[in-house]
Structure formats: structure tokens, C-alpha cells
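> Give me the fold of what follows.
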Amino acid sequence: MDPTVAERRLRAISGHLFPLSGDLASYRFSTNPTAGEFVKVQGYSVVLPEKLYTGKWNVYRSARAPLKLLDGYPDHPEIRTLHDNFVYAAENFRDHRYLGTRVRDDGTVGEYKWMTYGEASTSRTAIGSSLVNRGIPQGSSIGLYFINRPEWTIVDHACSAYSYLSVPLYDTLGPDAVQYIVNHASVQVIFCVPQTLSILLSFVSDIPSVRLMVVVGGLDENMPPLPSTNEIEVITFSKLLSQGLKNPQPFRPPKADDIATICYTSGTTGTPKGAVLLHINLIASTAGTCLSLDFNPTDIYLSYLPLAHIYERAYQVAMTHYGVSIGFYQGDNLKLMDDLAVLRPTVFASVPRLYNRIYAGIINAVNQSGGLKEKLFNAAFNSKRQALLNGKTPSPIWDKLVFNKIKEKLGGCVRFMTSGASPLSAEVLDFIKICFGCEILEGYGMTETSCCATTMDGGDMLSGHVGSPNPCVEIKLVDVPEMNYTSDDVPYPRGEICVRGHSVFRGYFKDEVQTREVFDEDGWLHTGDIGLWLPMGRLKIIDRKKNIFKLAQGEYIAPEKMENVYSKGKFIAQCFVYGDSFNSALVAIVSVEPEILKSWAESQGIKSEDLGQLVNDPRARAAVLADMDRVGKEAQLRGFEFAKAVTLVSEPFTLENGLLTPTFKIKRPQAKEYFANAIADMYAQLSSSPVN
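Numbers count the residues shown, from 1 in each chain. A predicted model of the protein is given here:
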């Protein structure tokens, strides 16, 4: 938007508003009853016209920032970059514990040992100085190829202090993708661990930009030999640190509009895309998210979500700002509960997959307990739920009798939780809130919005939505007529979620084509997600515009890819692959090749009256699924891309039954509805089966 137009819009709007009294006077405004012509208050959001006088009333902003989008911490406007943020934290919390780990140098695990903010600051300077001393130019890309541990955070701080671009690498993408990212971003230095070093060395001659590999946790005597023709230096983190301590260099601080990081997303097809995030993007995002939250130096946070993903990355920026102690898990998700018991965090960020497991585990334990224990739990749960719904404080007796034992599952001290990456069902969110006696807020965002574009507001008792806009962005819904989603829909406006503001990324690295695909001429980022506005200005996610969805663990899926692979199976005439964000596995509906399935049945001595009976035979389902696994392995599908259950149908997908378009493509929404019962049955069976 043109600056003069924006200023004129703000002046016009501000003339029709007056501030509320009280503590929120700085952030909340209400309409002037005599002249409230350009803003409508909807509780947690305000609605503005996209253009004065002629625009639709469809632009939503947080009620905490209706006139000017937040671009930083209101109390500390001098913090404009990640470097500023850490300098502020190091100065104010110098002797406070910052980064903790249970893993010792010899690989054993014990109690948490801590590094203070001041010590982390010294290490940050030393690592950055060593890179400068080696002639690594300002603006170079630095790769981080290992899971969460204190050194990851220190290297990231060093990149910010000396104006390097951090580029997270993660092996779930596979070696080919790592090689692609290293070359695409012209990475010059890679920090790794011994395990990932061996992967890098397997294609070391194919990554010519790399000059230095730094091994975290490795010993000099254990360094593998490099090919004699290669000029890459390999050094341990400890040695690089000691060299930097002896020859420190002054900071080369970045500006707010400088690139902070390039976060590559797995995408759905083709090569990974590098989202370019500026310092201002991350500062605005975390400042806006935390505007109404109360973190402080007594808080403890467990870091286990991948730092290569924006959710955990943004969380650490926020925790650092408030002087929170960050304890790292030991690197094994199966031992996460042990880490929680030892660390006893007060703040916990997770994803629906874990919350669903906790929910299922508690429900199963209650059902198995039976008798008096089951009745006591149900009485406690219903009493506490009713009190919360009525805005009352539940009786503490229920915590003493029932819920304190459950709280110990997460260490016993958690007071605040968040959920992101994929939708969390309202039932599970309410269940977790009641059992753990703490606030749990769900948010919505993506790498391209520097994490949260929306977040539930504190004290909001309604579940099943993702809250109001982050105060640093504005959001609108755009009509998608081909899917029958419009702003005129009753009872709620619906459409594609579009975001604009300070946390929105600047584009994909070296990819103008895909950048233009997601931005329109007015600067709105088109997310591809379909949402609707609930009362009080809350956003609810209801669909995807494209045939792309995210599984519960956060992996993106393009179902056509799997359908094309499975179509090579000998039993398959047509295939519809389905998945959603509430489940971690794919399922499939297969229209079978009648003669081939009948021939197989005869060879197995299976008798059936007709094809309809045969497709319902569990032995036939098992044979088709086994053949699908075979062709999937041949096509090198990734683990989460395999269908875990299948339903066979004798009826083909046709134009007549509404399952195909005139160009013979599957109508996905119609197929989802048509096979809804079969899909529900498959997921029910999977949930009751042992974990694969």
C-alpha cells in the first residue's frame, strides 16, 4: 500500500475512534457512536474496509492494534533485530540460567546443567568471531544440520550478531534435499554432528560452496578423513570456540530489513522452497503473539519441537526476550516424558499429535481403572468443566483427588500450553485444559507468516477456532467461487485466508515464479487455506483451496502423487487417497480391477458369490494393501506417504456418480463426502490398532 494512502486511511479511521480506559487503553479502541464510520468492533477483532468509502468491510485486525500494525515490542521499540533481542536479554538476565541440557560430553544423561545468558553471549561472540577470522563474508549462508541442543541456539545468535544468514537443514527431507538446499543457498559453513557429518561427506564433492564443517559434540581424534582433493576444513565446535575466544571481533549487526534466515519447507512436490524471513518479520511476529501473554524469568521451557521449523524457532525468540530458561530434550521423543519429569517446565509448546496421544492415554487408563476410580474421574471432570463454562473457579479438591497425578505427566508445573502446526480438535483442547488446569491456546500460521498469523486470546472459553489476528498483521477472506466459499455465506463469511503485515515473508529465495503465485498485486499473501469468521472476530480453518493437506505430524501431502503411484498396482482401477490434519496416516479408497481380483481370489481358494462380497473380504483388503506397499516402495515414497488402510469398492468413479470431473479428475470434496463412512471406519480401526 502507498504510504500516503495508508496515512490518509489511518487519519480518517482515527478520527472516528476513541481509546478505552484502563490498562488496555494503549491497544484497544471502540467506535465513536457519533462518527464510527470506518471500523466495526467484533470483540477480539475489528473490521475495516479494504479501501475507504468503496472497499468491502472484510479486513480484520486485532482489537489490540486497530490503527497501526505492531512491528516490535511496545515497551522496547529499540529492539528491531534478533541481535537486538539477544543483546537486551544478555544485559538484563546475564546471570540467569538460559540453555540447559541433560546430555554429557560422553553421551550419558543426568540432571540438567545450565549455561547463563552471559555465558551464551560470550560463546556467541566467539563462534561469530571465528567465522569472521576465517574470512567468511558478511551475508553468507550458514547451515545448521543437527537437532535441538544449546549449540544450535548459540550458532543462530552468532549469525544474527555478525550478519550471516542461518539456514536450517533437517534429515527428514532426505540427503538429496539437503544437498539441494546447500547448493541453492550457497551455504559456506555447515554446523553438524558426527552422524550428519557422515551424510555430508557422502556427497561432499557435490557441494562446492562449502568451505568449513564444524562438528558439534565431536572430538578431534575421531574426525573422519576427507578426500585428499577436497579443500573443506573440518573442525570441532569446541576448537572453533576456543579460537574465537582468543581473537574476538566486533559485531556486524544487521538492520531490521536484512535477511535473518532462509527456512526451507518440504513442500509437496518438486524441490524444497526457501522462505526468506527478515529480522523484522520474526520480531514483529513474536512481539505481537506475546502482547497479552505473561512470560517471565521464572519460567522454564522445554525445547523438543524441531528448531528447523518456524514454530519452535519463533518460540525461542520469545522465550529469550523474557529471560526464560530453555531446557533441551535429550534427542529421543520416546524419552520425552522423562525429560519433562526432570525439567518440570512451566511453558509447553506442542502439536496435536502429542496432545492426542496424551488424551488417548488418559482416556484408556480411566476406562481400564473401572469402578470407583472411573466414577471419580468423570465426576471431577464434569464438575470442573461446568465451572469453567460458567466462568467460575473450580473447586481445588478435584485437583488434589484426581488431576494433580495427571499434571505430573508433564512435570507438574505447566501453567501455559500452546498448540500449532495442525488443527487440534475442540474436544481434546478442552480435555487438556481441564486435566492440566492451565491455559492452552491454539494458533494458526505458516513459515511464510513467521509463525503465528492468529492466536486464541487469553480467557476465551470457546474452542474449535484459531483466534484473532496477530496484532502485527491484518487478515481477509477472499471468495473462492469454484468451491462455493464467499463473503456472503450465511451464517458466517467464508473464503481463502489472506495475510498482510510485518511478519509476512518477502518471498521464496531465488524463485520469483512461486513468489508471484502466493502474493497478489496489493501485497496479500494467499495461504491456500479456507477459513470462516466466527462471532467475536475468531477465525476457524475449514478446508484447503488446493489439493494439499497437512497430516497431524505436520507433513504436507499432495494426494495425487500417491494416487499416481498406486495406480500402477495390479488390483487398482482407480484410487482416492485421503488424509487430514487430525490424523497422522493416509487411507485409501480403491475401485478394483474386477477380473484381476477374482483371479487372485480363485488362486487363494477364496469363494465369493459376487464382486461386492469379495471386496469386503479382509483377505482381499490385505492383499491389495500389500501390493500398494510394494509399488510404494518401488517409487520410494516416504513413510508418511504410504496408505495405512484401504477400503475396496466394486463401483468405479464416474461422471454419473459425481466422483469425476469432465476431464476425469477426482472431485475430492465430493469423494470425501461420498466415502465419509468408509473413511471414518478406517481411522477408527487404525486408532484401535497397535502403533506401527
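
> Buried residues, the one helix or strand Lys113 maps to. List them.
According to DSSP states H and E, Lys113 maps onto strand 109-116. Neighbour counts over strand 109-116 (16 or more other CB atoms under 10 Å) mark Tyr112, Trp114, Met115, Thr116 as buried. No exception for glycine: its C-beta is placed from N, CA and C like everyone else's.

> Does Pro352 touch Leu429 like I think?
No. Counting by CB atoms under 8 Å, Pro352 sits too far from Leu429 to count as a contact (9.1 Å).

> the more surrounded of the two?
Under the criterion of other CB atoms under 10 Å, the comparison of Pro352 against Leu429 puts Pro352 first, with 25 against 22.

> List the residue ranges of the stretch 151-300 of the chain that fall below the pLDDT cut-off.
Along the stretch 151-300 of the chain, segments meeting pLDDT under 70 span 171-172, 218-224, 226-230, 266-270.

> how about a cut-off of 90?
The model of the stretch 151-300 of the chain has pLDDT under 90 over residues 170-177, 194-195, 198, 217-231, 265-272, 292-294.

> those helices in it, which residues are they?
Applying DSSP state H, counting those that start in this stretch to the stretch 151-300 of the chain gives helices spanning 175-184, 194-202, 237-246, 279-289.

> Determine which stretch of those helices is the most buried.
Stretch with highest mean neighbour count among those: helix 279-289 (a mean of 27; mean count of other CB atoms under 10 Å).

> count of residues packed around Asn364?
10.

> measure it to Ile358 for me?
Per CB to CB, to the nearest Å, Asn364 is found 11 Å from Ile358.

> Who are the contact partners of the residue nearest in space to the middle of the chain?
What sits nearest the mean C-alpha location of the chain, by CA atoms, centre = their mean, is Ala421, with 3.3 Å. By CB atoms under 8 Å, 6 or more residues apart in numbering, the contact set of Ala421 is His309, Tyr311, Val351, Pro352, Lys550, Gly554.

> Need the contact partners of the strand holding Lys113.
Residues outside strand 109-116 that contact it (CB under 8 Å, 6+ apart) are 94-104, 123, 150, 325, 327, 330, 342-343.

> Can you turn the buried subset of those residues into a selection I can paste into PyMOL?
Only the buried entries of the contacts of strand 109-116 go into this PyMOL selection, using 16+ other CB under 10 Å:
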select buried, resi 96+97+98+99+100+101+102+103+123+150+325+327+330+342+343
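
> Mean pLDDT per element in the protein, and the minimum belongs to which helix or strand?
Lowest by mean pLDDT, DSSP states H and E among the helices and strands of the chain is strand 29-31, with a mean of 43.

> Mind listing residues that contact the longest strand seen in the chain?
As assigned by DSSP state E, the longest strand anywhere in the chain is strand 525-534. With contacts defined as CB under 8 Å, 6+ apart, strand 525-534 is touched by 42, 60, 444, 446, 448-449, 453, 462, 465, 477-478, 480, 483, 485, 489, 492-500, 504-505, 518-520, 539-546, 548.

> pLDDT on that strand, on average?
The pLDDT scores in strand 525-534 average 94.

> immediately after it, which helix or strand?
Using DSSP H and E, the helix or strand that directly follows strand 525-534 along the chain is strand 538-544.

> could you check the angle strand 525-534 makes with that following strand?
120 degrees (axes from the mean of the first three to the mean of the last three CA atoms, to 10 degrees).

> Would you mark the buried spots in the following helix or strand past the least confident helix or strand of the chain?
Next in sequence after strand 29-31, counting helices and strands by DSSP H and E, comes strand 40-42. The neighbour-count check on strand 40-42 (16+ other CB under 10 Å) flags Val41, Gln42 as buried.

> got the contact list for the very next helix or strand once past strand 40-42?
The element immediately downstream of strand 40-42 (helix or strand, assigned by DSSP H and E) is strand 45-49. Strand 45-49 has contacts (CB under 8 Å, 6+ apart) with 13, 29, 38-41, 55-63, 66, 468-469, 474, 536-538.

> Look up the closest residue to Trp524, ignoring the ones flanking it.
Cys498 (4.1 Å; CB to CB, 6 or more residues apart in numbering).

> Confirm that that neighbour sits in a strand.
Yes. Per DSSP: H, G, I helix; E, B strand; the rest coil, Cys498 lies within a strand segment.

> Could you tell me which residues make contact with it?
Taking CB under 8 Å, 6+ apart, we find Cys498 in contact with Ile475, Lys476, Leu477, Val478, Asp520, Trp524, Leu525, His526, Thr527.

> Leu169: what's its closest spatial neighbour, skipping adjacent residues?
Closest residue to Leu169 apart from its sequence neighbours, by CB to CB, 6+ apart: Tyr145 at 4.1 Å.

> What ranges in the stretch 351-500 of the chain fall below the confidence cut-off?
Counting by pLDDT under 90, the ranges of the stretch 351-500 of the chain that qualify are 351-373, 385-402, 409, 420-428, 437, 458-462, 480-484, 487-488.

> coming back round to it: give me the common contacts of Pro352 and Leu429.
Common contacts of Pro352 and Leu429, defined by CB under 8 Å, 6+ apart, comprise Ser419.

> residue ranges for the strands of the stretch 301-450 of the chain, please.
325-328, 347-350, 416-419, 439-446 (DSSP state E, counting those that start in this stretch).

> Distance to Asn382 added to those, as TSV?
Formatted as TSV, the strands of the stretch 301-450 of the chain follow (distance: least, CB to CB, whole Å):
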stretch	distance to Asn382
strand 325-328	35
strand 347-350	25
strand 416-419	22
strand 439-446	19
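
> Pick the most buried one from those.
strand 325-328 (a mean of 25).

> Report all helices and strands that it contacts.
Secondary-structure packing of strand 325-328 (3 or more CB pairs under 8 Å, 6 or more residues apart in numbering; DSSP states H and E): strand 97-103, strand 300-303, helix 310-321.

> mind listing what that strand pairs with, with the direction of each?
strand 97-103 (parallel), strand 300-303 (parallel) (DSSP bridges).

> of those, which approaches Cys263 most closely?
Set against Cys263 and scored by CB to CB, those come closest in strand 300-303, at 17.0 Å.
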